[in-house]
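*Asks:* Predicted model and sequence follow; I will ask about them next.
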Amino acid sequence: MKVSAVVFIDGLVSLTLQKPSEISQNKIYSMEVLASIVAEAVVAIGRPLFGSVYSMIKSTVKFRSYLDFLEKKKKSLMDLRENVKTEMESAEREGKVLSTQVIEWLNEVEKLLIEVNQFQEVKLSRHSVNSRKRYRISREVEGQLKRIEWLLKSGSSHIGVVAVNYSVPRAVEHIPGPSIQDETTASKTLAKTVTLLSDPEVRRIGIWGMGGIGKTTLVRNLNNKLNGTSMQPFGIVIWATVSKNLDIKKVQTQIAERLNLEARKGESIERLAGRIYQRLEIEENFLLILDDVWEKIDLDSLGIPLPEVHTGCKIMLTSRSRDVCRDMMTDEDVKVDVLNDEEGLQLFIRNAGKVVSLENIRPFAEAIARECCGLPLAIITMGTAMRGKTMVKLWKHALNELQRSVPCTGGVEDRLFKPLKWSYDSLEGKNIKPCFLYCSLFPEDFSIEIGELVRYWLAEGLIDEHENSEYSVNRGIALIENLKDSCLLEDGAREGTVKMHDVVRDVAIWIASSAEDGHKSLVRSGIGLNRISAIELSNSLKRVSFMNNKITRLPDCVIECAEASTLLLQGNLPLDRIPERFLQGFEALRVLNISGSRIQSLPLSLLQLGDLRALLLRDCFYLEELPPLEGLSRLQVLDLTATRIRELPRGSGGKGADML
């Protein structure tokens with residue numbers, strides 16, 4: 001070794017040693033470094049520089065080795081990141097829930113790698129860097145190396161434990177529904193369907209028939225039959241309700257939840273499809289049941305492996321149209337037939353009760369059952385309506401109503417419409433009919449929150465206000481139970497919710513759209529609308545629903561809806577503005593719901609709605625301010641959940657208003 005330079009700085013001797021082979025290539029560099037150090041040290045004479053100058057010399061002389069070491073450690077961190085990602089993808093395919101700590105670690109890694117890359121590109125791109133800058137850069141490198149070392153250490157502990165404990169989804173989940181065990185025709189259809197499921201050559205099965213004939217009930221019985229069979233062949237059976245207005249993301253979400261895949265806010269349809277596909281690929285055998293299909297569905301868009309590729313995959317769908325089954329390329333189609341007269345009568349008796357055994361009632365019961373044409377929904381609804389009625393005149397009147405002609409029913413078959421309409425006409429109790437029609441404002445297959453529905457009814461005046469608010473709420477719940485007992489409402493998908501059978505909803509919409517008793521409605525909910533046509537709105541309307549669409553803007557004009565008491569606009573995420581003139585024609589509004597939109601403020605015309613009882617602005621994440629609300633003296637409910645509003649303007653709401 002040869003001493004290439006000796007520097008004396010305030011008693012400090014620094015030797016730079018080099019191999020002879022390195023002298024020529026580093027001579028100029030070493031001289032520049034040392035000259036710079038001497039110059040900087042002379043300026044600092046008289047100060048206690050031993051520690052800081054030594055650090056400067058050390059950092060500057062080792063400048064290149066620091067940079068090389070940084071690149072090496074960066075590569076180690078990138079390799080570890082890829083290993084963790086690989087384990088995460090494997091865990092996701094198995095339906096496991098990823099550890100929050102692992103996700104946070106990955107975010108920190110990505111953030112640091114961006115910083116390091118930018119540092120290397122910007123600060124090291126210059127051809128010459130003087131010693132002062134080398135020293136400063138060396139200190140930055142030291143800081144980045146410490147952070148990389150910490151992430152390498154903490155990341156190593158994540159290998160093998162990227163997922164938290166999770167519950168393996170049950171192979172089959174029981175779905176509540178009426179049994180068809182005593183129905184010969186339906187039982188034969190069920191047996192045929194089970195046989196087709198076990199046929200390896202049959203991968204796609206279509207179940208079709210008119211609305212209300214029992215397709216969903218049949219497939220629910222099939223699902224529950226598999227649930228009760230220890231030798232059932234599927235690793236998992238997945239049920240997803242599709243409905244008339246196809247929403248791919250909604251169907252995907254049902255599938256993902258069944259697979260225990262973690263929901264991710266803002267995730268695209270394509271990304272979720274990829275995760276579903278990866279998860280189902282590892283299932284040796286699975287059955288996907290798509291209920292209530294109205295049009296062809298691209299299985300790829302859902303993330304479902306094609307049965308022709310994944311031989312353990314089977315698809316079953318229900319539809320009113322055989323053409324839809326053909327469009328879905330079903331291998332076998334099963335038609336659900338109506339019940340024969342004896343089966344129809346027995347189903348009617350089970351719902352009407354012992355009163356049918358009375359000698360003077362029995363002939364009318366048999367005739368009414370025949371008028372229902374073997375349609376289970378009609379039979380159950382009529383039987384329930386007649387339960388416990390012993391007066392012959394009531395039975396005779398019911399039969400006469402079923403036998404008379406009815407007007408056009410907007411797509412609902414006459415033989416199904418008549419018994420459902422009669423069941424509606426038979427509802428007894430104050431305001432129970434408008435309460436039932438109110439439920440049709442919500443989209444098809446929508447699970448309605450019972451608490452919210454009762455608030456709507458209270459705001460509309462369909463339930464009398466009472467000094468004791470609990471009494472009024474209980475009255476609303478009693479009305480809901482009455483409608484459920486009449487088979488006009490059923491339990492929703494979640495606890496505390498209710499929904500309408502799609503055929504019952506069709507009938508309710510028809511009744512509400514042609515009503516002449518002050519309860520006329522315009523229902524355009526959940527059908528994918530981009531804008532509202534002012535032509536559809538008029539003074540004859542009592543209730544208007546455009547909820548759960550994709551509306552981007554509202555008419556910027558005065559809409560003549562002076563009688564409308566409810567306007568539902570929630571669930572239109574693209575909507576970012578309420579024009580000033582739009583609300584001016586809705587002067588009688590009692591319920592206004594704009595939840596789940598992008599609005600940032602409300603127009604001053606809102607203050608003209610003196611009868612407003614409920615203003616719902618939940619999940620309006622961009623809403624920052626409200627106009628003074630002292631003019632809304634009757635406001636009872638103001639829902640500002642998940643908005644940016646932190647302080648209410650003075651005089652907000654009427655006396656006793658509930659702020660949510």
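*Replies:* Structure received. Owing to the predicted nature of the structure, the values given are computational and were not obtained by experimental measurement. Numbering: from 1, shown residues only.

*Asks:* now the strands: where do they sit in the stretch 151-300 of the chain?
*Replies:* Using DSSP state E, counting those that start in this stretch, the strands of the stretch 151-300 of the chain run over 163-164, 204-208, 236-241, 286-291.

*Asks:* Domain map for this structure?
*Replies:* 63-160, 200-335 (automatic domain parsing).

*Asks:* Residue ranges in the chain under the pLDDT threshold?
*Replies:* Applying pLDDT under 70 to the chain flags residues 1-63, 92-97, 122-132, 134-135, 158-168, 405-413, 467, 517-518, 650-660.

*Asks:* What helices and strands are in contact with the longest helix along it?
*Replies:* Longest helix in the chain, counting residues (DSSP state H): helix 63-93. Contacts defined by 3 or more CB pairs under 8 Å, 6 or more residues apart in numbering; DSSP states H and E place helix 63-93 against strand 97-98, helix 100-123, helix 131-156, helix 269-281. For glycine as for every other residue, the C-beta is placed from the backbone atoms N, C-alpha and C.

*Asks:* tilt between that helix and helix 131-156?
*Replies:* Relative orientation of helix 63-93 versus helix 131-156 (axes from the mean of the first three to the mean of the last three CA atoms, to 10 degrees): 30 degrees.

*Asks:* Show me which parts of helix 63-93 are buried, residue by residue.
*Replies:* Using 16 or more other CB atoms under 10 Å as the test for burial, helix 63-93 gives 63, 66-67, 70, 73-74, 77, 80-81, 84, 87-88, 91-93.

*Asks:* Would you enumerate the residues in contact with Gly344?
*Replies:* Going by CB atoms under 8 Å, 6 or more residues apart in numbering, Gly344 touches 338, 369-370, 372, 374, 379.

*Asks:* can I assume Thr216 is in contact with Asp292?
*Replies:* Yes. In terms of CB atoms under 8 Å, Thr216 counts as a neighbour of Asp292; the distance is 7.0 Å.

*Asks:* Give me the common contacts of those two.
*Replies:* Listed as contacting both Thr216 and Asp292 by CB under 8 Å, 6+ apart are Thr318.

*Asks:* how about the domains of the chain in CSV, adding distance to Leu399?
*Replies:* Below are those laid out as CSV (distance: least, CB to CB, whole Å):
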stretch, distance to Leu399
domain 63-160, 55
domain 200-335, 20
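
*Asks:* from the middle of its chain, how far away would stretch 242-259 be?
*Replies:* 8 Å (CA atoms, centre = their mean, to the nearest Å).

*Asks:* on that earlier part again, which of the domains of the chain is buried the deepest?
*Replies:* Mean neighbour count, computed with mean count of other CB atoms under 10 Å, is highest for domain 200-335 among the domains of the chain, reaching a mean of 18.

*Asks:* Quick one: end-to-end distance for stretch 590-606.
*Replies:* Start and end residues of stretch 590-606 are separated by 12 Å (CA to CA, to the nearest Å).

*Asks:* again, but for stretch 198-213
*Replies:* Terminal residues of stretch 198-213 are spaced 25 Å apart (CA to CA).

*Asks:* and what of stretch 273-287?
*Replies:* End-to-end span of stretch 273-287 (CA to CA): 17 Å.

*Asks:* Run through who's touching that stretch.
*Replies:* Under CB under 8 Å, 6+ apart, the answer for stretch 273-287 is 89, 92-95, 197, 226, 233-238, 252, 255-256, 259, 261, 300-305, 310, 312-316.

*Asks:* Swap in 7 Å and give it another go.
*Replies:* Identification of contacts with stretch 273-287 by CB atoms under 7 Å, 6 or more residues apart in numbering yields 92-95, 233-238, 252, 255-256, 259, 261, 301-305, 312-314, 316.

*Asks:* What about the residue nearest to Leu589 when sequence neighbours are not counted, how many residues nearby?
*Replies:* Of all residues not flanking Leu589 in the chain, Leu609 sits nearest, at 5.0 Å (CB to CB, 6 or more residues apart in numbering). Around Leu609 there are 22 other residues, counting by other CB atoms under 10 Å.

*Asks:* residue contacts, Leu609?
*Replies:* Leu609 is in contact with 583, 586-587, 589, 632, counting by CB under 7 Å, 6+ apart.

*Asks:* now these in a markdown table, with distance to Asp619?
*Replies:* As requested, the contacts of Leu609 are arranged in a markdown table below (distance: CB to CB, whole Å):
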| residue | distance to Asp619 |
| --- | --- |
| Leu583 | 20 |
| Phe586 | 22 |
| Glu587 | 27 |
| Leu589 | 20 |
| Leu632 | 21 |
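
*Asks:* which among those gets closest to Ser440?
*Replies:* Lowest distance from Ser440 to these (CB to CB) belongs to Leu589, with 19.0 Å.

*Asks:* shouldn't the closest one be in contact with Leu612?
*Replies:* Yes. Taking CB atoms under 7 Å as the definition, Leu589 is a contact partner of Leu612 at 5.6 Å.

*Asks:* The two: which is more packed in?
*Replies:* Taking other CB under 10 Å, Leu589 and Leu612 do not tie; Leu612 has more neighbours (30 against 24).

*Asks:* I figured that one hits Arg590, correct?
*Replies:* Yes. Taking CB under 7 Å as the definition, Leu612 is a contact partner of Arg590 at 6.3 Å.

*Asks:* now do the same end-to-end measure for stretch 485-496.
*Replies:* Length of stretch 485-496, first residue to last, CA to CA: 16 Å.

*Asks:* That one: which residues count as buried?
*Replies:* Buried, per 16+ other CB under 10 Å, within stretch 485-496: 486-489, 492.

*Asks:* all helices for the stretch 201-350 of the chain, in order.
*Replies:* Listed in chain order, the helices of the stretch 201-350 of the chain (DSSP state H, counting those that start in this stretch) span 215-227, 248-258, 269-281, 299-302, 322-327, 341-352.

*Asks:* In a markdown table: those, plus distance to Leu288.
*Replies:* Converted to a markdown table, these look like this (distance: least, CB to CB, whole Å):
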| stretch | distance to Leu288 |
| --- | --- |
| helix 215-227 | 12 |
| helix 248-258 | 7 |
| helix 269-281 | 9 |
| helix 299-302 | 9 |
| helix 322-327 | 15 |
| helix 341-352 | 30 |
